[in-house]
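> pasted the sequence and its predicted model underneath.
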Amino acid sequence: MEYLEGKDKFIQSWGTLGSNWGINRTMAQIHALLLITPESLNAEQIRDELQISMGNANMNLRALIDWGLVYKELKTGERKDFFVAEKDMLEIVKKIIQQRKKKELEPLTKVIDELSEVQAHDQQSAEFVKVMNEIKLFSGKTDTLLDRISKSDGNWLFGTFLGLIK
């Protein structure tokens, strides 16, 4: 396989994978392009490379910056903004976990906290309260685990992961 074919396949695959971790395909493709590009790129270069609109490039770059996956880089003598991706895979995983936790787990936890206050007066409401408490317990443990992962170093994370798959 030639470099350009491999590059395109990686960008397309990363774009598809992005929807599994909560971002849109174009956002993930921009991240993939910046991840494999040794030098920073400006929005026009990204637009041209991925054949997307300038508005789409800018909107997704802002979102990637919000996620902490992409950073602006200043170049002397240039008026345009240039962008570079976080290249440390452990940091990328941590940032994705933090964002998913913020967008998915924290809102769920808030709702479950409210719902676990329901008073049980009969069999149906008792079952409801039981399930809410089980979800609350599980989401609390998940929250603790995700916090540990996002604050861990690579050795702990990979050691724990390897221990789970043995």
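Okay, I see it.

> so what does the helix or strand residue 108 falls within touch, helix or strand wise?
Element membership of residue 108, judged by DSSP states H and E, is helix 106-115. Contact analysis of helix 106-115 by 3 or more Cβ pairs under 8 Å, 6 or more residues apart in numbering; DSSP states H and E lists helix 123-151 as its packing neighbours. C-beta coordinates here come from the backbone N, C-alpha and C atoms, glycine included.

> show me where the protein has helices.
With DSSP state H as the definition, the chain shows helices at residue ranges 3-18, 25-36, 43-50, 54-67, 89-100, 106-115, 123-151, 154-165.

> which one of those helices lies nearest to residue 75?
Within the helices of the chain, the stretch nearest residue 75 is helix 43-50; the backing value is 12.3 Å (Cβ to Cβ).

> where in this structure is pLDDT low?
Within the chain, the set of residues satisfying pLDDT under 70 comprises 154-166.

> outline the domain layout of the chain.
With domains defined by automatic domain parsing, the chain comprises 3-85, 89-165.

> tell me which of those domains sits most buried.
Between the domains of the chain, domain 3-85 has the highest mean count of neighbours, a mean of 16, where neighbours are mean count of other Cβ atoms under 10 Å.

> start to end distance for it?
20 Å (Cα to Cα, to the nearest Å).

> thinking residue 53 is in contact with residue 47, fair?
Yes. Between residue 53 and residue 47 a contact is recorded at 7.0 Å, counting by Cβ atoms under 8 Å.

> leaving out sequence neighbours, find the closest residue to the residue positioned nearest the centre of the chain.
The centroid of the chain falls nearest to residue 96 when counting by Cα atoms, centre = their mean (2.7 Å). By the measure of Cβ to Cβ, 6 or more residues apart in numbering, the closest residue to residue 96 outside its immediate chain neighbours is residue 21, 5.1 Å from it.

> tell me how far the one you found lies from residue 27.
10 Å (Cβ to Cβ, to the nearest Å).

> who's in contact with the nearest residue to residue 99 once chain neighbours are set aside?
Across the structure, with Cβ to Cβ, 6+ apart as the measure, the residue nearest residue 99 apart from its sequence neighbours is residue 67 (5.2 Å). Counting by Cβ atoms under 8 Å, 6 or more residues apart in numbering, residue 67 touches 23, 95-96, 99.
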